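>>> What shape does this take:
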Amino acid sequence: MAQSLPSRPVEVTDGVQRQPRTGIKIVISGAGIGGMFAALECWRKGIDVEILEQNDALSSLGDFFAIGPSALSTLHYYPTMLAEYNKTTWNSPIWWCSPDGRKVVSELPEWNRVGAAPHAAKDVPIVGFMKLRSQVMKMLEDQIKRLSIPILYGHKVANYEEDGHSGKARVITTKGEVFTGDVVVAAEGIGTKSHEIITGHHLPFVGSGYAVIRGAFSPECIAPGSRGAELLLRPGQTPEVRTYAGENMHLLVLLTHDKIGVAFTHKEDGSAKESWANTIPAEELVAMLSEHTNWGEQIMDFVKQVPSDALIDWKLTWRDPQPVWASKGGRIVQLGDSAHAFLPSSGNGATQAMEDGISLAECLYQGGSARVSWAVKVHTKLRYQRVSVIQRFGIVSRQKIHHIDMSLLDEGKNPFEGVWQLGRWMWQHKPEDYARENFAAALGHLQEGKPFENTNLPKGHIYEDWNVESELKEQAAGIISQLMSNGDWSI
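Predicted coordinates:
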């Protein structure tokens, strides 16, 4: 039976009600969005938390990411953070643009449209589609500090260990320091050191064939009166997202009054890296744009004025869906990109990392100190299929975005219709409720083989195993994916 939350928490800090101490301690390696949100959720559930981060301070680098309502379904438990989010979010329209720069079609995020089904984020009237990475990370770090959760910068992981006799797991840093917990969460990203202890061997990640040139900078970098300045927001105008679609490439631009974010997905030539230090001059982006498509004078002049240190070329890599996220003893568990890498075209990397944190915290709370390892395995059981389907969705979406038939405009049709549609099954999901309501059934399935089927998928969906190679082969052969015909993907 699911454990009910006590009506009188033993502790309230910064308006956040903390449940009674469980006696569980976790160590989280990686202070990215998934690691930080997992720390907050675990603290709220009465779990003692310690965070390790390899960088010396919170990084201000990065552009923007999408955060859907499901990731914000527990935000209302953090009053200060909730108020800050609501103050800084916008109901930004998403513009589809032709490569020559013309605005063609505008649409709001699915959950913000008139007549849309209710989304999962309580007390969040407007869930903005895109958020600046630096803004969100600072918001999470501030909340962590208000709750006095230890976050130790400058601690890079060298190895993970699990002790079956003591029921503990350890993180060993490159400095030889050892951090011990009942659970260790590997949340340091796709290059995590945790694969060998979890799967028994190193899992190489492979290039997707694409990279993304990304960055953020001030609108003041664009000279007033220039052609590029014509793209900037007017005073009082609502921030917006623009997608410029080209053959085998697309450019996303987030325009706000304080920051501009750009993300250009392109065929990879071998120079891209998964590193915030892999900066490139704007001239390289200009040359790349000029070579492939007529992007129009506004965009070209705009890109030429991007500061030299603002852009990085980030290699997009992936692994096949990996159903095993936890070590044999259930004391080490992967979270976010460590467990499941996403293409940006999924619009879900940050969202699913946050969902992971919510689910893991609730499963540990339900399991209690006596069933920690089982709780970790239940969490994986509840999450894997949902995440796998959304990973596949990212591959399908990229193919659609890169092959839009612009000639439909001449026929008076909308070439962008259905190109990037999530479906309410994604944004109505509440991972905390789902973990609480399904913990016992999933545990019975794992321990005794009792029947259990996940329902956090499109209604009527029949889950199918897949791999990246076969998916790409079908795309190359011109076979249209049937993924979004499998179950209810409607909004």
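>>> which stretches of the stretch 251-400 of the chain have low pLDDT?
Counting by pLDDT under 70, the stretch 251-400 of the chain has low-confidence residues at 274-277, 292-293.
>>> now with 90?
For the stretch 251-400 of the chain, applying pLDDT under 90 flags the ranges 251, 264-297, 299, 307-320, 341-345, 347, 398-400.
>>> What segments of it are helices?
Ranges of helices in the stretch 251-400 of the chain, per DSSP state H, counting those that start in this stretch, are 282-292, 297-304, 349-367, 372-401.
>>> Looking at these, which is nearest to Gly15?
When these are ranked by distance to Gly15, counting by CB to CB, first place goes to helix 349-367 at 18.3 Å. (Each C-beta comes from the backbone N, C-alpha and C, glycine too.)
>>> Which neighbouring elements make contact with the closest one?
The contact analysis (3 or more CB pairs under 8 Å, 6 or more residues apart in numbering; DSSP states H and E) places helix 349-367 against helix 33-44, strand 64-66, helix 372-401, helix 431-448.
>>> Determine which stretch of these is the most buried.
helix 33-44 (a mean of 27; mean count of other CB atoms under 10 Å).
>>> Which elements pack onto that one?
With contacts taken as 3+ CB pairs under 8 Å, 6+ apart, helix 33-44 sits against strand 16-18, strand 25-29, strand 48-53, helix 133-146, helix 349-367.
>>> okay, these in CSV with distance to Ser194 and mean neighbour count next?
Below are those laid out as CSV (distance: least, CB to CB, whole Å; neighbours: other CB atoms under 10 Å):
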stretch, distance to Ser194, mean neighbour count
strand 16-18, 28, 17
strand 25-29, 8, 26
strand 48-53, 13, 23
helix 133-146, 22, 18
helix 349-367, 14, 28
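>>> Minimum distance to Thr256: which of those has it?
The closest of these to Thr256 is helix 133-146. By CB to CB, the value is 9.4 Å.
>>> Name the nearest residue to Asn467, sequence neighbours excluded.
Spatially, and ignoring its direct neighbours in sequence, Asn467 is nearest to Asp320 (4.5 Å; CB to CB, 6 or more residues apart in numbering).
>>> ignore the last one, His429
Distance criterion CB to CB, 6+ apart; nearest residue to His429, sequence neighbours excluded, is Ser70 at 4.4 Å.
>>> got the helices of the stretch 251-400 of the chain as CSV, with distance to Thr238 columns?
Below are the helices of the stretch 251-400 of the chain laid out as CSV (distance: least, CB to CB, whole Å):
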stretch, distance to Thr238
helix 282-292, 27
helix 297-304, 19
helix 349-367, 22
helix 372-401, 23
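>>> Could you give the number of residues near Pro150?
13 (other CB atoms under 10 Å).
>>> top strand in this structure by residue count?
Across the chain, the longest stretch assigned as strand under DSSP state E is strand 206-217.
>>> Return the angle between stretch directions for that strand and helix 297-304.
Angle between the axes of strand 206-217 and helix 297-304 is 90 degrees (criterion: axes from the mean of the first three to the mean of the last three CA atoms, to 10 degrees).
>>> Strand 206-217: what's the following helix or strand?
Scanning forward in sequence from strand 206-217 by DSSP states H and E, the next helix or strand is strand 240-246.
>>> Note down every partner strand of that next one and its orientation.
Applying DSSP bridges, strand 240-246 is found paired with strand 94-97 (parallel), strand 249-255 (antiparallel).
>>> Report the angle between that strand and helix 372-401.
Using the same axes, to 10 degrees: strand 240-246 against helix 372-401 is 60 degrees.
>>> I'd like the average pLDDT over strand 240-246.
Taken as a whole, strand 240-246 has an average pLDDT of 88.
>>> Give me the residues contacting that strand.
Residues from elsewhere that reach strand 240-246 (CB atoms under 8 Å, 6 or more residues apart in numbering): 92-99, 101, 103, 129-130, 231, 233, 250-255, 292-293, 295, 299, 401-402, 404, 406, 416.
>>> And for stretch 261-271?
Contact with stretch 261-271 is made by 63-64, 130, 132, 207-216, 248-254, 285, 288-289, 292, 303, 306, 311, 313, 315-316, 344-345, 398, as judged by CB under 8 Å, 6+ apart.
>>> Same question for stretch 463-483.
With contacts defined as CB under 8 Å, 6+ apart, stretch 463-483 is touched by 206, 208, 318-321, 385, 388-389, 392-393, 395-396, 399, 454, 457, 486.
>>> where along the stretch 51-200 of the chain do the strands fall?
Under the criterion DSSP state E, counting those that start in this stretch, the stretch 51-200 of the chain carries strands at the ranges 64-66, 94-97, 103-107, 130-132, 151-153, 157-163, 168-173, 178-181, 183-186.
>>> CA atoms of stretch 423-435 as PDB?
What follows is stretch 423-435, C-alpha atoms only, in PDB (Å, rounded to 0.1, in the frame of the first residue of the first chain):
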ATOM      1  CA  GLY A 423       0.700  15.100 -26.900                       C
ATOM      2  CA  ARG A 424      -1.000  15.500 -23.600                       C
ATOM      3  CA  TRP A 425       0.300  12.200 -22.300                       C
ATOM      4  CA  MET A 426       3.700  13.900 -21.800                       C
ATOM      5  CA  TRP A 427       2.600  17.100 -20.100                       C
ATOM      6  CA  GLN A 428      -0.300  15.900 -18.000                       C
ATOM      7  CA  HIS A 429       1.900  13.300 -16.300                       C
ATOM      8  CA  LYS A 430       2.600  13.700 -12.500                       C
ATOM      9  CA  PRO A 431       5.600  11.600 -11.700                       C
ATOM     10  CA  GLU A 432       5.200  11.900  -7.900                       C
ATOM     11  CA  ASP A 433       1.600  10.700  -8.000                       C
ATOM     12  CA  TYR A 434       2.500   8.000 -10.500                       C
ATOM     13  CA  ALA A 435       5.300   6.600  -8.300                       C
END
